[in-house]
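1. dropping the sequence and predicted coords here.
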Amino acid sequence: MRVAVLGPLVVTANDSAPVILPGADERLLLAVLAAQAPGVVPAGRLVDALRFAPEGEALQATVHRLRAALEPGLPDRSSGQYVLRRGPGYVLAVPRGDVDASRFTDLAARGRARVDQDPGEAEWLLSTALALWRGEPYGEWPDAPFARAERPRLTAIRDAAEADLRAARGRPRAPVEARVEARIGAGTAVRAVESPRATPVPEWATATIPRPRDEPPPVRAAPAPAGPPTHAVDNGAPAGPRRAGGPLMLVAGLVVLLVAALFVARLSGRSELRAGQAILVADANRLSALSRAEKQLDVSLLLAAQAYRLADTPDSRGALTAVLDGHERVERAVSFYGVPQDAVLSGGRTLTFGVGVSVVGWPVGPATVPGEILPIPGPWGDWIVAAPSPVEDVVLGAGMGRYGPWIRRVSTLNGTSHVLMEGSEVGGTPVAGAVGPDGRQLYLLVAQPYDADPEHSSRWQLIAVDIAADSLRDTGITGVVTAPLDRVGADFAEDASSFVVWDDDTSAPTGTLVQVADGRQVPIPDPPGHTGSRGFHAYPGGAVQLWDDGGITLVDRNGVIVQELGAGQRPVEDVAVSPDGRWAVTGGDDGEVLRWTIDPTTGRWYGRQSLHGHTGDVVGVEVDATGRRVATVSVDHTAITWDMRPDGGRPGRGAADPQARLEAACAIAGRDLTPTEWRRFLPDRPWEPTCSDVL
C-alpha cells in the first residue's frame with residue numbers, strides 16, 4: 001500500500017488500485033499515522049487530532065473503519081497488516097518508501113550526498129524526489145498541529161533539494177566509457193569517440209559515407225584491360241558509360257555502417273552488463289552489512305541469503321557464515337509485532353503470547369509465521385492466567401472482567417473461545433494455573449482478602465476445573481500469604497504437579513512450595529546475600545528463586561537449598577526444566593539464553609551452554625511435553641524454537657559450501673522477504689523469492 005501526502009491525500013493498493021476512504025475522520029487518522037510512519041503515535045495524540053475532523057467519533061471505531069477501507073474483506077476480529085496497535089498507541093506498518101513524504105526525504109538526502117561525487121546520479125535522485133510533489137503537504141488540514149509541524153519541515157527540505165539540483169547540474173560529468181555518434185549526411189563520418197580506457201575502434205568504422213543523391217567520389221581501382229569502351233543499350237538507344245562504382249559504393253557504405261553499429265552495440269552491451277554486475281555486487285555487499293547489524297534473527301538470515309543470491313562475493317559468503325555461526329540448535333526464528341507477554345506452548349505445537357490488546361499465535365512448523373488469533377474483547381478486562389494444554393492447541397485463560405472473575409477455553413488455532421465459568425462460582429481472583437498432563441483438568445490458584453487482615457493478607461485456595469464438563473471442585477488445598485490481594489505471586493510447574501505461592505510485595509520474599517497430589521506445604525528459606533527477588537519458578541524437582549543481581553537459588557522438594565549459582569550473570573526472566581529433569585533453560589536480559597545440565601542424583605545445575613539468537617530481553621521460555629523442543633520469546637520481536645535433543649543441530653551450518661549455508665539459513669527463516677521488507681531494503685529492484693524456491 002502507498003500513501004501520498006505531498007498534495008491531496010491519495011492511497012493506492014499494492015496493485016495500484018485506488019483506495020477510497022469512507023470519511024473525513026479516517027482520512028485525518030491515516031494522515032497523522034503517515035506523518036509518523038513507521039513510528040508509533042500515542043492514542044492520546046490521535047484523539048486530540050481527531051477533534052479537527054467534522055463529527056469526530058471514538059478512536060477505536062475510526063481505526064476499525066480505516067482498517068476495513070485499507071483491507072476490504074478483513075475479518076472483524078483481525079487488525080490486518082497496516083494499522084496496528086503498538087503499546088500505548090497505533091502505527092501505520094508500511095515501509096518508509098511507501099509514504100511519499102518519507103521517500104522524498106530519503107531521496108533528497110541521498111541526492112545531496114552525491115552532488116560532488118556523482119552529479120549525474122545526484123541529478124536523477126533529486127529530480128525524482130522533487131517530482132513527488134503534487135501540491136501543499138497535508139493541505140486538507142491547514143490548522144492541524146501535526147500538519148503545521150510537518151509542512152515547514154518538508155518545504156525546507158524541498159528548497160534545499162532544489163538548490164542541490166542546481167548545483168548538480170552545474171558540476172562537470174564524469175567521462176563516459178564509450179560513446180558513439182552516428183551522423184549520416186554529406187561527407188559526415190561515423191566516428192567512435194572514446195575515453196583513453198575504451199577499446200580501440202577499427203579503421204573501417206570511420207569510413208566516409210556519401211549521400212546517395214550525389215555523384216560518388218572517384219573510386220580507386222586497378223586499371224581495366226585495354227579495349228573499346230562498353231556501352232549499355234536501352235531500346236536500342238546508346239547510353240553513357242556504365243557507372244558500376246556508384247551502387248557498389250553505396251552497398252559498401254551501408255555494410256560499413258551496419259558493422260560499425262553492431263560493434264558499438266556490442267561495446268554498449270558489455271558496458272551495460274558490467275554496470276549491472278557492479279550494481280548487483282554493491283547491493284549484495286550492502287545487504288551483507290545490514291544482515292550483520294539486523295536485530296531480528298530471521299530478517300538477518302534472509303538478508304544474508306538474498307545477498308548471496310544477488311552476487312557471490314567475499315562479503316556475501318562471509319555474511320552467511322556470520323549469521324549462522326553459533327545458531328546450531330535453532331530450528332526456526334520468526335518475527336512478530338508488539339511487546340510479548342505470557343508466552344505459552346500448547347499441544348507442543350502452538351506458541352501463544354499476548355501483545356497488549358490481542359493474542360498472537362504461532363503454529364510452529366517449517367514454513368509458518370505468527371499471526372493475530374484473537375483481539376481481547378473489552379468486557380474480558382485483565383487476562384491474568386494463561387495455562388496451555390499439553391495435548392491440544394488450546395489455552396485455558398482466567399482473568400477479571402466486567403462481570404467478575406472468568407475462566408475460558410480458547411483455541412490457539414482460530415481464536416474461538418468458550419466460557420467455562422464466570423462470577424462468584426470461580427471463588428476468587430485468579431492468580432496462576434496449569435493444565436494436567438492429560439489435558440482434562442485446569443488447576444487454578446485463586447485468592448481473596450483474608451478476613452482477619454484484609455488489607456495486608458490474602459487467603460488462597462486451589463481449585464480444579466473439569467474442562468470437558470465445565471465443572472469445578474475445591475481440592476481442599478488452601479493457605480494464607482501476608483500480602484494484599486494484588487501482590488500475591490504464584491507459579492506452577494510445567495506438569496502441574498506443584499506450585500509456589502509467595503508475597504510479591506517485598507524485595508526478599510519467602511515462598512511456600514505446595515504439592516498438588518497431597519497438599520504438602522514446605523516453606524522456602526530466605527537465603528542470605530541476595531536482594532531484589534524477581535520471583536519463584538516451580539518445577540517437578542523443586543523450585544527456583546531468581547534475583548535482580550543475576551543469582552539463582554535452587555531448592556528441592558523438601559525446601560532445602562541445593563545450590564547457589566552466584567551473581568555475575570544477567571538477570572533471569574524465565575526458566576523451563578525438561579520433563580525428565582536432566583536439563584534446564586534460562587532466559588534473561590540482553591538476549592541471554594543458557595542451557596544447563598542437571599545432575600539427577602543431586603539436583604545441581606552445571607555446564608551452562610549459551611544459545612545465541614536473541615538480541616533483546618527474553619521474557620518467556622517454554623518446553624514441550626516431550627522435551628524435544630524449547631521455545632523462547634523476546635522483546636526483540638522474535639520467537640525462536642530450539643532443538644534440544646542430544647544430537648540436535650541443523651546440518652550445513654558448519655559446511656564450507658555456501659550453497660549448504662544458504663539452505664540452512666533459509667530453513668531457519670522458513671519464508672521469503674515480504675514485499676514490505678523488500679521495498680525497505682531493495683526499493684529499486686523487483687521482488688523475487690528469497691528462500692521459497694530453495695527449501
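-> Everything's here; your move.
2. what's the separation between the spatially closest residue to residue 466 that is not a sequence neighbour and residue 419?
-> Distances taken as Cβ to Cβ, 6 or more residues apart in numbering place residue 441 nearest to residue 466, at 6.1 Å, with adjacent residues excluded. For every residue, glycine as well, the C-beta is placed using N, CA and C. Distance of residue 441 to residue 419, computed by Cβ to Cβ, to the nearest Å: 17 Å.
3. again with residue 140
-> Between residue 140 and residue 419 the computed distance is 46 Å (Cβ to Cβ).
4. residue 452 now?
-> Taking Cβ to Cβ, one finds residue 452 at 33 Å from residue 419.
5. now do residue 437
-> Distance from residue 437 to residue 419, by Cβ to Cβ: 25 Å.
6. if I pick residue 383, what's in contact with it?
-> 342, 354, 376, 397, 398, 399 (Cβ atoms under 8 Å, 6 or more residues apart in numbering).
7. how about residue 490?
-> 431, 432, 445, 460, 499, 500, 501, 502.
8. the closest residue to residue 88 other than its chain neighbours: how many residues sit nearby?
-> Ranked by Cβ to Cβ, 6+ apart and with sequence neighbours excluded, the top spatial neighbour of residue 88 is residue 42, at 5.2 Å. By the criterion of other Cβ atoms under 10 Å, residue 42 has 14 neighbours.
9. same check, this time on residue 587
-> When neighbours are counted by other Cβ under 10 Å, residue 587 registers 27.
10. double-check that it belongs to a strand.
-> Yes - applying DSSP: H, G, I helix; E, B strand; the rest coil, one finds residue 587 inside a strand.
11. hmm, it is touching residue 574, no?
-> Yes - contact criterion Cβ atoms under 8 Å: residue 587 and residue 574 qualify, at 4.9 Å.
12. so what sits against both of the two?
-> Joint contacts of residue 587 and residue 574 (Cβ under 8 Å, 6+ apart) are 618, 619, 620, 621.
13. quick one: which of these is most hemmed in?
-> residue 618 (32 neighbours).
14. state the pLDDT value of it.
-> With respect to pLDDT, residue 618 scores 94.
15. ok, the residue nearest the centre of the chain - contacts?
-> Centroid-nearest residue in the chain, with Cα atoms, centre = their mean: residue 335, separated by 5.2 Å. Residue 335 sits next to 296, 298, 299, 369, 370, 637, 638 when contact means Cβ under 8 Å, 6+ apart.
16. name the nearest residue to the last one, ignoring sequence neighbours.
-> Across the structure, with Cβ to Cβ, 6+ apart as the measure, the residue nearest residue 638 apart from its sequence neighbours is residue 296 (5.0 Å).
17. for the one you found, give me phi and psi.
-> phi -90, psi 120 (degrees, to the nearest 10).
18. now do the one 10 residues further on
-> Geometry field for residue 306 lists phi and psi as phi -70, psi -30, criterion degrees, to the nearest 10.
19. that one is in contact with residue 673, isn't it?
-> Yes - between residue 306 and residue 673 there is a contact under Cβ under 8 Å: 6.2 Å.
20. okay, and the common contacts of these two?
-> Shared contacts of residue 306 and residue 673, counting by Cβ under 8 Å, 6+ apart, come down to 681, 690.
21. follow-up on the earlier one: want to try a markdown table for the contacts of residue 335, with distance to residue 290 and pLDDT as columns?
-> Listed next are the contacts of residue 335 as a markdown table, based on distance: Cβ to Cβ, whole Å; pLDDT from 0 to 100:
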| residue | distance to residue 290 | pLDDT |
| --- | --- | --- |
| 296 | 12 | 93 |
| 298 | 14 | 96 |
| 299 | 9 | 96 |
| 369 | 21 | 92 |
| 370 | 23 | 93 |
| 637 | 17 | 92 |
| 638 | 16 | 95 |
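22. for these, work out which two are farthest apart.
-> Farthest pair in these (Cβ to Cβ) is 299 and 370. Separation: 13.8 Å.
23. pLDDT value on the residue nearest to residue 612 when sequence neighbours are not counted, please?
-> Of all residues not flanking residue 612 in the chain, residue 326 sits nearest, at 4.0 Å (Cβ to Cβ, 6+ apart). We have a pLDDT of 86 for residue 326.
24. what does residue 332 give?
-> pLDDT, residue 332: 96.
25. same thing with residue 224?
-> 45.
26. residue 140 and residue 419: who's more crowded?
-> residue 140 (16 against 11).
27. after the host helix or strand of residue 113 comes which helix or strand?
-> Here residue 113 sits within helix 100-114, counting by DSSP states H and E. Using DSSP H and E, the helix or strand that directly follows helix 100-114 along the chain is helix 119-130.
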